[in-house]
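A.B. asks: Generate coordinates for the sequence data below:
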Amino acid sequence: MAKSKLPVRLTGQHFTIDKVLIADLIKQATIHKSDTVLDIGAGKGFLTVHLVKMCDQVIAIEKDKTLVKYLRLRFSNAHHVKIVGSDFRNYRMPSKPFKVVSNIPYGITSEILKILMYEHAENFVGGSIILQLEAAQKLVSNRLYNPFAVFYHTFFELRLLYKVSAKSFMPPPTVTSALLCIKRKNVRNCDLKHKQKYLAFVSCLLSNPNVSTRVAFKKIFRKRQLRALAERFKIDLNAPITCLSPCQWNNCFLEMLDMVPEKFHPV
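C.D. replies: Below is the predicted model:
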């Protein structure tokens, strides 16, 4: 008799087997019956089997061909479950609002987050994700050095809820994990149609993250405009540029659109 396929450390597969963790992961995502939910790196369906009871459409995405066959057999009678045999990076995302509840493949964490919270920010409304603790800590740091992290925090609320024990996985990973909750924000006056321009704005000002806000802003704003921004949005121009809050980043971007000629906008 063939042995059941086990996770392979070299591929970063670590199945979530802790029922308490699975229940919390689903609870934190605030799933409604009408939601479309993605399970990225579905493995053997330890999460999927619970999600099918919660919502009308579950999309389980798994790269491993053997596991894809297993999932299709396991959920053959669940017509509201779609099994996708693909690398998530090649998957064509839903064109409607969706959530994610997943123990994601750690090796492509940054790419997954970029796809969800930047490339498809218009339709991604949040969820809960298990990821490597180190990556989660960088995401929720008070000082943001990565332009994409600034973008994520502008449009989403990111909360690191707690560390996850290695015993919650099969096999146990060699790194510490964490549970991250993501919820979409209602961002005043900022339209995602400007997302490329907004990312270019943040990237330009963070190109040298060690300088003061005053020095960084001189790339785009005049002295008079700088003083107005500092007063209106309570910005310490002498503090490092990385100390700006997501709200301050967004407000300054909107002021650039209003007061700076387009030919001087970062690209």
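
A.B. asks: would residue 153 count as being in a strand?
C.D. replies: No: Residue 153 is assigned helix when assessed by DSSP: H, G, I helix; E, B strand; the rest coil, not a strand.

A.B. asks: any idea which helix or strand carries the residue most central in space within the chain?
C.D. replies: Nearest to the mean C-alpha position of the chain, counting by CA atoms, centre = their mean, stands residue 113 at 3.7 Å. Using DSSP states H and E, residue 113 sits in helix 109-114.

A.B. asks: Could you pull up the residues touching residue 237?
C.D. replies: 212, 213, 214, 217, 226, 230 (CB atoms under 8 Å, 6 or more residues apart in numbering). For the C-beta atoms, the positions are set from N, CA and C on the backbone; glycine is no exception.

A.B. asks: Now, of the residues you listed, which are buried?
C.D. replies: 213, 214, 217, 226, 230 (16 or more other CB atoms under 10 Å).

A.B. asks: Surely the third one is in contact with residue 229?
C.D. replies: Yes: at 7.2 Å, residue 217 counts as touching residue 229 under the criterion of CB atoms under 8 Å.

A.B. asks: picking that back up, please name the nearest non-neighbouring residue to the residue nearest to the centre of the chain.
C.D. replies: residue 152 (6.9 Å; CB to CB, 6 or more residues apart in numbering).

A.B. asks: Show me this protein divided up by domain.
C.D. replies: Here the domain parsing of the chain from automatic domain parsing is 11-184, 192-264.

A.B. asks: can you redo the ones you listed as JSON lines with mean pLDDT?
C.D. replies: Formatted as JSON lines, these follow (pLDDT from 0 to 100):
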{"stretch": "domain 11-184", "mean pLDDT": "93"}
{"stretch": "domain 192-264", "mean pLDDT": "95"}
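
A.B. asks: OK, contacts around residue 122?
C.D. replies: residue 192.

A.B. asks: So it versus residue 183, what's the distance?
C.D. replies: Going from residue 122 to residue 183 by CB to CB, to the nearest Å gives 16 Å.
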